[in-house]
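Novice: structure for the following, please:
(2 chains)
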Amino acid sequence: MSLDASQFVFLVTALVIVVSALFVVTARNLVHAALWLIATFAGMAVIFVLLNAGFLALVQVVVYIGAISILIIFAIMLTRRVMQDTGPQTNANWYWGAVVAVGVLVAALTMLQLPNALTLGASSLVPGFSSAPLPQPAEFADAAAFNTATLANLGLALSSPDHYLLPLLLVGALLAVAMVGSINIARDDKERE
Amino acid sequence: MSIPLSWYLALSAALFSIGVFGVLSRRNAVGVLMGVELMLNAVNINLVAFWHYGAFGPSTGLAFALIVIAIAAAEAAVGLALIISVYRRRKTVVVDDVNLMKF
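Specialist: Residues are numbered from 1 along each chain as shown, chains lettered A, B, ... in the order given. Below you'll find the predicted structure:
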């Protein structure tokens, strides 16, 4: 079978994601693990671009690479003294973790009916889903117009009471509560009277 | 030719299992949180892939992926605040040592 350009990009990105994720969970030095995590997030942004979700790729870069990674690196630096990157970084039962992880992987891939599902042009294995993406609607001149319309649709859906206004408001409330709560938890005890 | 849906699902399954392994095997609590982030990212691949291949309407998958990202941010903030608080009181970030709710 021959690969076209997008499949080649997908396979390379998937390889980068899986390898850097493996380093995230196995690196002895936690700062290195955090840097591998950033590589994983960047690969995810590429995957979102391949899936025609450009806005989500942007959000991925801003929120995950820009905010969460920095937060994690700060937490590692603030708690560095006790874990000097020497000694075991895995707990005593890590092989049970490996067994569970392999079990989850095998179960998921069994449901996908691998390796048949990986061959190109296989019929749909998930009911209700075609094995090829939906064709781009004819009324859009090019991919850029299609993406603009998708983004407009997303904005309308998120601000419409018939769709996702309530989840959006709930997430906003959750974020506000989480921020206040985490500041309260992390505040130094000596500062409160 | 385009990328089959099952490729995305297989990538997502691999990423999720790696995250599970990270959560179960890391001693450092920050490492456990990084495993959770990997698992949430795997979920996002699934949501956006199913959205891309149709059947959920024009923006359902994207909206829920955005919500997952926001919840991941909240989870990371609260989790890291808890780790820093435990570190202040107990001088440890090893998950095995933090087995009491109150000390």
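Novice: mind checking the end-to-end distance for stretch A:156-164?
Specialist: From its first residue to its last, stretch A:156-164 covers 9 Å (C-alpha to C-alpha, to the nearest Å).
Novice: ranges for the strands of chain A?
Specialist: When assigned using DSSP state E, chain A turns out to have no strands.
Novice: residue of it with the smallest distance to chain B?
Specialist: residue A:97 (2.9 Å; C-beta to the nearest C-beta). From N, CA and C alone the C-beta is placed, and that goes for glycine too.
Novice: the nearest residue to that residue once chain neighbours are set aside and residue B:91: what is the separation?
Specialist: In space, and not counting its chain neighbours, residue A:97 is closest to residue B:24: 2.9 Å by C-beta to C-beta, 6 or more residues apart in numbering or on different chains. To residue B:91, residue B:24 is 24 Å away according to C-beta to C-beta, to the nearest Å.
Novice: more neighbours, the two?
Specialist: residue B:24 (21 against 11; other C-beta atoms under 10 Å in any protein chain shown).
Novice: helix, strand, or coil at the residue nearest to residue A:189 when sequence neighbours are not counted?
Specialist: Spatial nearest neighbour of residue A:189, chain neighbours left out: residue B:88 (7.2 Å); criterion: C-beta to C-beta, 6+ apart. What DSSP: H, G, I helix; E, B strand; the rest coil gives for residue B:88 is helix.
Novice: residue B:88 contacts residue A:185, doesn't it?
Specialist: No. If you go by C-beta atoms under 8 Å, residue B:88 and residue A:185 don't touch, sitting 10.2 Å apart.
Novice: can you pull out the helices in chain A?
Specialist: With DSSP state H, the ranges of helices along chain A come out as A:5-26, A:30-50, A:54-59, A:69-78, A:94-111, A:143-158, A:165-186.
Novice: one more: chain B?
Specialist: Using DSSP H, helices in chain B cover B:5-25, B:29-52, B:60-90.
Novice: quick check, pLDDT for residue 66.
Specialist: As the question left the chain open, I've gone with chain A. pLDDT, residue A:66: 89.
Novice: try chain B instead
Specialist: 90.
Novice: how many other residues sit next to the closest residue to it other than its chain neighbours?
Specialist: Take residue B:66 and drop its neighbours on the chain: the residue closest to it by C-beta to C-beta, 6+ apart is residue A:59, 6.6 Å away. If you count neighbours by other C-beta under 10 Å, residue A:59 ends up with 19.
Novice: could you do residue A:61 as well?
Specialist: Using other C-beta under 10 Å: residue A:61 sits among 15 other residues.
Novice: and it, how close does it get to residue A:44?
Specialist: Taking C-beta to C-beta, one finds residue A:61 at 9 Å from residue A:44.
Novice: the residue nearest to residue B:66 contacts residue B:68, doesn't it?
Specialist: No. With contact defined as C-beta under 8 Å, residue A:59 and residue B:68 do not form a contacting pair (10.7 Å).
Novice: closest point of chain B to chain A, which residue?
Specialist: Counting by C-beta to the nearest C-beta, chain B gets nearest chain A through residue B:24, at 2.9 Å.
Novice: can you pull the contacts of that residue?
Specialist: Residue B:24 makes contacts with A:93, A:94, A:96, A:97, A:100, A:101, B:35, as judged by C-beta atoms under 8 Å, 6 or more residues apart in numbering or on different chains.
Novice: give me the buried positions along stretch A:153-172.
Specialist: By neighbour count on 16 or more other C-beta atoms under 10 Å in any protein chain shown, the buried set for stretch A:153-172 is A:153, A:154, A:157, A:158, A:163, A:164, A:168, A:171.
Novice: nearest residue to the last one other than its sequence neighbours?
Specialist: The shortest distance from residue A:171 to any residue other than its chain neighbours is 4.7 Å, reached at residue B:70 (C-beta to C-beta, 6+ apart).
Novice: residue A:182: how many residues sit nearby?
Specialist: The burial count for residue A:182: 21, using other C-beta under 10 Å.
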